[in-house]
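> mind looking at a prediction? Sequence and model below.
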Amino acid sequence: MRLAFILSEIGSGLRRNLTMVISVILVTFISLTFVGAAGMLQLQINQMKGYWYDKVQVAIFLCNEGSAAAGCASGPVTDEQQKNLEALLRSPAVAQYINEFQFESKEDAYGHFKEQFSNSPIVDSVAPDQLPASFRINMKDPEKYQIISETFASQPGVESVIDQRKILEQLFSVMNGASVVAVVIAAVMIVCAILLIATTIRLSAFSRRRETGIMRLVGASKTVIQLPFILEGVIAALIGAALASGTLWAVSYFFLGDLSKQFQDTPFISPGQTLVLVPALFALGVILAGISSLLTLRRYLRV
C-alpha cells in the first residue's frame, strides 16, 4: 500500500511539472556529457601515452650542408665522425641505457618524408640532400634522455639531439587543456542542473502542499513524505545520465571507430573502454539529484 502510494505520488509529480522535468533531463544530459567527454579524453591520453611512449625515439641528427650548429663548424659529418659516434653508442657507458639503435641515411630519411607527406605539395620542394642523416635510438627508460643529450650534443658531426617524446608531450598538453575546459563547462552545467532540480522539487512540493499537510496530520513519516519528491529528481537525473552514456558510446563507436580506420597507427579507445565511465555518470546523476532534493526539502517542506 505504501509503495503504491509513493509510486502514484511520483507519477503525479512528474505529470504536474513535466516541462521542468524535461529541462532537468536535458541539463543533466548536457552536464554529464561534458563530464564523460573529459573522462574520454583522459582515457585517450593514457591510451596514446602507453602506446607511443614505448615507440618514441631519441634522434641524433648529423651535420648536413649548411648546418649552423657548433659541432658542424668543419662542415658535413665525415665517415670517421660517423664511425666514432656509432662506437660511442656501442660503448658500455651508453649502451646500458639503449635497447637498440639504427642509422638512417639521407636516402632513408627522404623515403620516410615522402611517405609522411605523400599528399602534400611540399614533397616536390625537398631534395634528399636537404634532409640530415641520423641515429635513431630506442631507450630502455625514456626518462634517461638527458644522458644521451649531454653525451652527444657536443660531439663533432652532431647537429642536434631531439627527444621525440617532447613533441608528444606538447600534443598531450593540448589534450589535457581540452579536458580541463570540458570539466569547467561540466561544472557550470552541473550547477545549472542542481538549481533546476531544486526548482522542480520546490514547485512540486508547493503544488502538493495540501496533500502534504494531510499526510502530516495522519502521522505519515518524514521518509514517506519526502521520498516521492527525491525520487522525481533522481528519475530525471538517471534519464539524463542514460542519454549522456548513450551519446558517449555513440561517439566512441561511430566517430572514433571511423578515425581508427583512417589512422591505423594511432590507438583510439574502444566503445568497451568508454562503458567504464557509465557507472560514474549514473552515480553522479543520483548524487546531484539526491543532494539538491534534500537541501530543497529541508527548506520548503518542513516535516
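Arrived safely, thanks for sending. Residues are numbered from 1 along each chain as shown.

> for the stretch 101-250 of the chain, what spans make up the strands?
The residue ranges that make up the strands of the stretch 101-250 of the chain, judged by DSSP state E, counting those that start in this stretch, are 134-139, 158-163.

> so the last one versus strand 134-139, what angle?
In other words, strand 158-163. Here the directions of strand 158-163 and strand 134-139 differ by 30 degrees (axes from the mean of the first three to the mean of the last three CA atoms, to 10 degrees).

> neighbouring strands of strand 158-163 in the sheet, and parallel or not?
The pairing partners recorded for strand 158-163 under DSSP bridges are strand 58-62 (antiparallel).

> likewise for the first one?
Applying DSSP bridges, strand 134-139 is found paired with strand 58-62 (antiparallel), strand 98-104 (antiparallel).

> let me see the residues that make contact with the last one.
Contacting residues not belonging to strand 98-104 are listed as 82, 86, 89, 112, 133-140 [CB atoms under 8 Å, 6 or more residues apart in numbering]. C-beta here means a position set from N, CA and C on the backbone, and glycine is covered the same way.

> low-confidence ranges in the stretch 151-300 of the chain?
Where the stretch 151-300 of the chain drops to pLDDT under 70, the residues are 165, 167-169, 171-172, 204-226, 260, 263-266, 297-300.

> show me where it has helices.
The residue ranges that make up the helices of the stretch 151-300 of the chain, judged by DSSP state H, counting those that start in this stretch, are 164-207, 209-217, 222-250, 257-262, 271-274, 278-300.

> now do the contacts for the residue positioned nearest the centre of the chain.
When the chain is reduced to its mean C-alpha position, the closest residue under CA atoms, centre = their mean turns out to be residue 41, at 1.3 Å. Shown here is residue 41, whose contacts under the criterion CB under 8 Å, 6+ apart are 175-176, 178-179, 182.

> switch to 6 Å and redo it
With CB atoms under 6 Å, 6 or more residues apart in numbering as the criterion, the residues that contact residue 41 are 175, 179.

> next: the one 5 residues further on.
If you count contacts by CB under 6 Å, 6+ apart, residue 46 has none.

> on the three-state scheme, it is what?
With DSSP: H, G, I helix; E, B strand; the rest coil as the basis, the three-state label of residue 46 is helix.

> for it, report the pLDDT, please.
Confidence at residue 46, expressed as pLDDT, is 75.

> how close does residue 130 sit to residue 267?
Counting by CB to CB, to the nearest Å, the separation of residue 130 from residue 267 is 32 Å.

> ok, residue 285 next?
Residue 285 sits 30 Å away from residue 267 when distances are taken as CB to CB.

> and for residue 112?
Per CB to CB, residue 112 is found 21 Å from residue 267.

> out of those two, which sits in the busier spot?
Neighbours per residue, other CB atoms under 10 Å: of residue 112 and residue 267, the larger number sits with residue 267, 15 against 12.
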